[in-house]
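Undergrad: 3D model of this:
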Amino acid sequence: MTSTDGPILYFDGVCNLCNSVVKYIIRHDRDAVFRFASLQSKAGEKVRAEIQSGSEELSSVILFYKGRYYTKSDAALKVARILGGWRILLQAGYILPRFMRDAIYDAVAKRRYKWFGRKDECMIPAPELKARFLDE
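TA: Residues are numbered from 1 along each chain as shown. Model (predicted):
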């Protein structure tokens, strides 16, 4: 999909929770390996069309890393692993079977606009971060 070997996080660009997570990753990504694209961007729409299966709508987060796509709880846990540090402890989440982790993830994702709000348009990255965003 892209020439970078680093992780690419596709996120809901109008979701306040998702934007906060992206800002958190940017602050804690010491080596600046993460790249980002909103799911509303051309790159995000292309990825969703490529990996969306059946009736499942991928509308909150997709991670592309080392040639593989991760979604839902797998994406969140992989991001934590890549960031490292104390976040590596979150790998304990793998104790739960994926269907249980994803059920929790889906419950939060379903209510994210109600709990955290939404913007009318996607986040515009600061000029010094623009190179880390695809198709924005």
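Undergrad: right, and the helix or strand after the helix or strand bottoming out on mean pLDDT in the chain?
TA: Ranking every helix and strand in the chain by mean pLDDT, DSSP states H and E puts helix 42-51 at the bottom, with a mean of 85. Downstream of helix 42-51, the first helix or strand assigned by DSSP states H and E is strand 61-65.
Undergrad: Now tell me what touches that following strand from outside.
TA: By Cβ atoms under 8 Å, 6 or more residues apart in numbering, the list of residues contacting strand 61-65 from outside reads 1-2, 6-12, 18, 21, 39, 44, 47-48, 51, 69-72, 74-76, 78-79, 82. For glycine as for every other residue, the C-beta is placed from the backbone atoms N, C-alpha and C.
Undergrad: Restricted to strands, list those.
TA: By the criterion of DSSP state E, membership of the contacts of strand 61-65 in strands covers Ile8, Leu9, Tyr10, Phe11, Tyr69, Tyr70, Thr71.
Undergrad: could you dump these to CSV with pLDDT and distance to Arg111?
TA: Output for the ones in strands among the contacts of strand 61-65, formatted as CSV (pLDDT from 0 to 100; distance: Cβ to Cβ, whole Å):
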residue, pLDDT, distance to Arg111
Ile8, 95, 26
Leu9, 94, 21
Tyr10, 92, 20
Phe11, 89, 17
Tyr69, 92, 24
Tyr70, 93, 22
Thr71, 90, 18
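Undergrad: Mark which of those residues are buried, thanks.
TA: If you count burial by 16 or more other Cβ atoms under 10 Å, the buried members of these come out as Ile8, Leu9, Tyr10, Phe11, Tyr69, Tyr70, Thr71.
Undergrad: wait, isn't Leu36 in contact with Leu134?
TA: For the record, residue 36 is Phe, not Leu. Yes: contact between Phe36 and Leu134 holds when scored by Cβ atoms under 8 Å: they sit 7.1 Å apart.
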